[in-house]
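Trainee: sharing a model that was predicted from the sequence below.
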Amino acid sequence: MKINDQDNKFNVGDLVYTKKNPDVQMIVRKYYAKIYYCKFADLPMKTELALFERELVTEIQNQKEVN
């Protein structure tokens, strides 16, 4: 399956947050087939999560939702 790099909103290494748990920082490790594989920023040994783009927000979006 060919993935167009412009399809993804976040890049590998970006700091993101989940909408359901905006207090936990995640780092995008991989993007494949429209799924983001993210590891926990503070707990790198914890099992990573596979998330869709609609489940993630950036730090700026996260701050707007809190205010």
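Mentor: Right, received. Where do you want to start?
Trainee: wasn't Gln61 part of a strand?
Mentor: No - if the criterion is DSSP: H, G, I helix; E, B strand; the rest coil, then Gln61 is helix and not within a strand.
Trainee: confidence score at it?
Mentor: In this model, Gln61 is scored at 75, pLDDT.
Trainee: same deal with Gln6?
Mentor: 64.
Trainee: can you map out the strands along the protein?
Mentor: 15-18, 25-32, 35-40, 49-51, 56-57 (DSSP state E).
Trainee: ok, the first one: who's next to it in the sheet?
Mentor: Put plainly, it is strand 15-18. strand 25-32 (antiparallel), strand 56-57 (antiparallel) (DSSP bridges).
Trainee: try the third one
Mentor: Looking at strand 35-40 with DSSP bridges, its paired strands and their directions are strand 25-32 (antiparallel), strand 49-51 (antiparallel).
Trainee: residue contacts, the residue nearest the centre of the chain?
Mentor: With distances taken as C-alpha atoms, centre = their mean, Val16 lies nearest the centre of the chain, 4.5 Å away. Val16 sits next to 10, 25-28, 36, 38, 56-59 when contact means C-beta atoms under 8 Å, 6 or more residues apart in numbering. Where C-beta positions appear, they are placed from N, C-alpha and C, glycine not excepted.
Trainee: which of those are buried? Put it as a ChimeraX command.
Mentor: Burial among the contacts of Val16 is assessed by 16 or more other C-beta atoms under 10 Å; the matching ChimeraX selection reads:
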select :10,25,26,27,28,36,38,56,57
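Trainee: could you dump the strands paired with strand 15-18 into JSON lines and include mean pLDDT and distance to Lys46?
Mentor: Listed next are the strands paired with strand 15-18 as JSON lines, based on pLDDT from 0 to 100; distance: least, C-beta to C-beta, whole Å:
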{"stretch": "strand 25-32", "mean pLDDT": "96", "distance to Lys46": "10"}
{"stretch": "strand 56-57", "mean pLDDT": "95", "distance to Lys46": "17"}
